[in-house]
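Enquirer: based on what follows, work out the 3D shape:
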Amino acid sequence: MIGYVFCGSFCTLTQSLEQMTLLSHNYEIIPIFSTNVYTTDTRFWRAEDFRAQVEKICERKVIHTIVDAEPLGPQIRLDAMIVAPCTGNTLAKIANGITDTPACMAIKAHLRGNRPLVIALASNDALSANLKNIAILLEKKCVFFVPMTQDNPHEKPHSLVADFTLIEKTLESALRGVQYQRVFI
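Expert: Numbering: from 1, shown residues only. This is a model prediction of the structure:
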């Protein structure tokens, strides 16, 4: 069973949804939304439509509260958890142990069991304010990154985005306790 967390990099939600759909053929998926994904309508998706699509694919309701996310470690043991997309804000909170959102609570609860956490980063400040948080998490035994690249180095020189098509390969490696290489492409 895999936990799948969606955070508010709204322009990458469709790419992430495609990968979650592929994973759902081989894994039972528990969907988890950050508060922003659960409530915010954008030019990419209406929150209600995105939620309905995810729930249809997973055949279960989205977890979207801190209270509902907390059992995902001690009571509901997942084989792994994927955060795709993982925003810079969520990355910073993971690195610094902050659990003030449903997404962060799910991640914290999951990590208590020393099981793999796969992060597909999508952040405009990854190579500036969040670089230290990437380094902190790269040192963690159970944290694995989906390979990432600068998506637009001339206009967004500090931005990194994961190659979402490598989520499954990264998950497979993480389940063996190995970081899928290369981290930066």
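
Enquirer: next secondary structure after the helix or strand harbouring residue 132?
Expert: If you go by DSSP states H and E, residue 132 is part of helix 131-138. Per DSSP H and E, the first helix or strand lying C-terminal to helix 131-138 is strand 143-145.

Enquirer: now that following strand: average pLDDT?
Expert: What strand 143-145 shows for mean pLDDT is 98.

Enquirer: how about residue 28, what does it touch?
Expert: By C-beta atoms under 8 Å, 6 or more residues apart in numbering, residue 28 lies in contact with 1-2. No exception for glycine: its C-beta is placed from N, CA and C like everyone else's.

Enquirer: with residue 2 as the reference, measure out to it.
Expert: As judged by C-beta to C-beta, to the nearest Å, residue 28 and residue 2 stand 7 Å apart.

Enquirer: now the residue of the chain most remote from its centre, what's its secondary structure?
Expert: The outermost residue of the chain relative to its centre, with distances by C-alpha atoms, centre = their mean, is residue 154 at 26.0 Å. Following DSSP: H, G, I helix; E, B strand; the rest coil, residue 154 is assigned to coil.

Enquirer: quickly note the distance from it to residue 101.
Expert: Distance, residue 154 to residue 101, using C-beta to C-beta: 32 Å.

Enquirer: nearest residue to the middle of this structure?
Expert: residue 83 (0.9 Å).

Enquirer: what about the strands in the protein?
Expert: 2-6, 29-33, 80-86, 117-123, 143-145, 148-149, 160-162 (DSSP state E).

Enquirer: redo these as JSON lines? Include distance to residue 168.
Expert: Output for the strands of the chain, formatted as JSON lines (distance: least, C-beta to C-beta, whole Å):
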{"stretch": "strand 2-6", "distance to residue 168": "10"}
{"stretch": "strand 29-33", "distance to residue 168": "12"}
{"stretch": "strand 80-86", "distance to residue 168": "10"}
{"stretch": "strand 117-123", "distance to residue 168": "10"}
{"stretch": "strand 143-145", "distance to residue 168": "12"}
{"stretch": "strand 148-149", "distance to residue 168": "16"}
{"stretch": "strand 160-162", "distance to residue 168": "12"}
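
Enquirer: closest to residue 17 out of the ones you listed?
Expert: Ranking the strands of the chain by proximity to residue 17 (C-beta to C-beta) places strand 2-6 first, at 8.1 Å.

Enquirer: can you list contacts of that closest one?
Expert: Identification of contacts with strand 2-6 by C-beta under 8 Å, 6+ apart yields 13, 16, 20, 23, 27-34, 37, 50, 54, 58, 72, 78-86, 103, 106-107, 110, 171.

Enquirer: go again using 6 Å as the cut-off
Expert: 20, 27, 29-33, 37, 72, 78, 80-83, 103 (C-beta atoms under 6 Å, 6 or more residues apart in numbering).

Enquirer: got it, and stretch 44-61?
Expert: 10, 13, 21, 24, 29, 31, 39-41, 62.
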